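1. here are the coordinates; sequence isn't available:
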């Protein structure tokens, strides 16, 4: 299944990798580069994750129940967890104070605890899968 993930960019600059990319456009592609592997991890959680666009962001779902998303802006990438308030986060990566959603902010050049973030994604998937069965 082809991922619908693409960095936010203006229509004038063409596809990623184009020789015409301005330095500003190249900077906006960096957060997308950070987010893409995490969305692929969401899609690889099990046999049933599907990709659904939601609020303009690639969202990973079990059936129609969302469990994670990625978002890339010029400054950072977010890896979000639906019902993140219920996900055990011993590393303290999740950020947010909303009723349900939590996210991890990824910034270019800053280290990411890959193992802990992978564990959060798996936990969000398991929670979502358990809730629909």
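-> Thanks, I have the structure now. All of these numbers come straight from a predicted model, not from anything done at the bench. Residues are numbered from 1 along each chain as shown.

2. ok, residue 34 - contacts?
-> Residues in contact with residue 34, defined by C-beta atoms under 8 Å, 6 or more residues apart in numbering, are 72, 76, 77, 106, 107, 108, 112. All C-beta atoms are positioned from the backbone trio N, CA, C, and that covers glycine.

3. the third one pairs with what?
-> Just to be clear, that refers to residue 77. When bridges are taken as DSSP bridges, the partners of residue 77 come out as residue 72, residue 106.

4. pLDDT value on it, please?
-> Per-residue confidence for residue 77 comes out at a pLDDT of 92.

5. my guess is it contacts residue 32. True?
-> Yes: counting by C-beta atoms under 8 Å, residue 77 touches residue 32, with 6.9 Å between them.

6. host element of residue 93?
-> Counting by DSSP states H and E, residue 93 is held by no secondary-structure element, helix or strand.

7. now the residue nearest to it when sequence neighbours are not counted, what's its secondary structure?
-> Leaving aside its chain neighbours, residue 93 sits nearest to residue 104 (4.8 Å; criterion: C-beta to C-beta, 6 or more residues apart in numbering). Secondary structure for residue 104, judged by DSSP: H, G, I helix; E, B strand; the rest coil, is strand.
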